[in-house]
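Visitor: next one to model:
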Amino acid sequence: MTSSMRDLKVYTTYPHSCSYLEEQEATTLFVDPRQQMDKTLYSNLSVLGFRRSGNHVYRPHCTHCDACIPARIPVANFEAKRGQRRSLSRNSDLRVVRSEDIRDDEAYDLYRRYIEQRHSDGDMYPPDREQYESFLNNAWNCTSYYRFYRQDTLLGVAVVDELVDGLSAIYTFFDPEEKKRGLGSFAILWQIGKTREMGLQYLYLGYWIRDCQKMAYKAEFRPLELYVNSRWTSLL
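Guide: Have a look, this model is predicted:
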């Protein structure tokens, strides 16, 4: 463990309403925002179950609940199931373009429509451009923005951080009218392929919650490793 990890300061929030489980209170553990962060420290924290939102690195730290479980895919062992292969086939006409940021109107308009139609009951509704740019920024020069186009029409954007041992799927938003394509699942499958292409081991998916329908899709990608009792364990 590096000295910066040993000397790390963390803080907890006051209990607040949980965004994922009704009638539950949540507490969040945050790394001191004054901490000098780089790709190595960020990667080490990710291995310990931390996640990034904008410039903040955090992990759930609830007193009476441990439902939020960090999840990652060991990409070398992943084999797409039949439905996932169909998703890849349905979206084989898309081209992918990497961009340096997503502060343009094209990307924000797609995000706005996605939040308004898919997540009007969530914390990010109503969509706000300042919040959007802060949440999905390139905090430590390790973020890429992959845009999925059908010809010249933008259908989706995957925000991806590069870690020492893998990629971290920070957020994906897509055209809510293109339901038949399954763009959310396709974006994960594409990122699995990208992780392999880069010679990295894992695709980090954030938190999986067994009783949350919004998180259920993550268990469809097997093998899936979960961070439980301070160690990564395979979910068979």
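Visitor: what about the strands in this protein?
Guide: 10-12, 16-17, 25-26, 28-31, 51-53, 56-60, 69-74, 95-99, 143-150, 153-162, 166-174, 202-208, 224-228, 231-235 (DSSP state E).
Visitor: and of these, who's closest to Glu106?
Guide: strand 153-162 (5.5 Å; Cβ to Cβ). In this view, the C-beta of every residue, glycine as well, is placed from N, C-alpha and C.
Visitor: given the closest one, what are its sheet partners and their directions?
Guide: Partners of strand 153-162 in the sheet, by DSSP bridges, are strand 143-150 (antiparallel), strand 166-174 (antiparallel).
Visitor: how long is stretch 49-56 end to end?
Guide: 14 Å (Cα to Cα, to the nearest Å).
Visitor: ditto for stretch 61-75
Guide: Termini of stretch 61-75 sit 28 Å apart (Cα to Cα).
Visitor: now it: mean pLDDT?
Guide: For stretch 61-75, mean pLDDT is 95.
Visitor: the bottom helix or strand of this protein by mean pLDDT?
Guide: Lowest on mean pLDDT, DSSP states H and E among the helices and strands of the chain sits helix 3-6, with a mean of 65.
Visitor: any chance of the strands paired with strand 153-162 in a markdown table, plus distance to Arg51 and mean neighbour count?
Guide: What follows is those, written out as a markdown table (distance: least, Cβ to Cβ, whole Å; neighbours: other Cβ atoms under 10 Å):
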| stretch | distance to Arg51 | mean neighbour count |
| --- | --- | --- |
| strand 143-150 | 14 | 18 |
| strand 166-174 | 8 | 23 |
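Visitor: distance to Met37 added to the strands of the chain, as CSV?
Guide: Output for the strands of the chain, formatted as CSV (distance: least, Cβ to Cβ, whole Å):
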stretch, distance to Met37
strand 10-12, 13
strand 16-17, 24
strand 25-26, 23
strand 28-31, 8
strand 51-53, 9
strand 56-60, 7
strand 69-74, 18
strand 95-99, 23
strand 143-150, 13
strand 153-162, 12
strand 166-174, 14
strand 202-208, 16
strand 224-228, 20
strand 231-235, 22
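Visitor: out of the ones you listed, the one nearest Pro126 is which?
Guide: strand 166-174 (14.7 Å).
Visitor: which outside residues touch that closest one?
Guide: 46, 51-52, 72, 75, 110-111, 114-115, 135-136, 143, 148, 155-162, 183-184, 187-188, 191, 194-195, 198, 200-206 (Cβ atoms under 8 Å, 6 or more residues apart in numbering).
Visitor: and what of stretch 107-124?
Guide: Counting by Cβ under 8 Å, 6+ apart, 19, 102, 125-127, 129, 131-132, 135, 145, 147, 154-157, 173-176 sit against stretch 107-124.
Visitor: buried ones in it?
Guide: Ala107, Tyr108, Leu110, Tyr111, Arg112, Arg113, Tyr114, Ile115, Met124 (16 or more other Cβ atoms under 10 Å).
Visitor: quick check, pLDDT for Thr153.
Guide: Looking at Thr153, the pLDDT reads 98.
Visitor: from Tyr111, how far off is it?
Guide: Distance, Thr153 to Tyr111, by Cβ to Cβ, to the nearest Å: 15 Å.
Visitor: one more: Arg118?
Guide: 11 Å.
Visitor: equivalent analysis for Pro223, please.
Guide: 31 Å.
Visitor: ok, Arg52 next?
Guide: Counting by Cβ to Cβ, the gap from Arg52 to Tyr111 is 18 Å.
Visitor: do His64 as well
Guide: Relative to Tyr111, and taking Cβ to Cβ, His64 is found at 34 Å.
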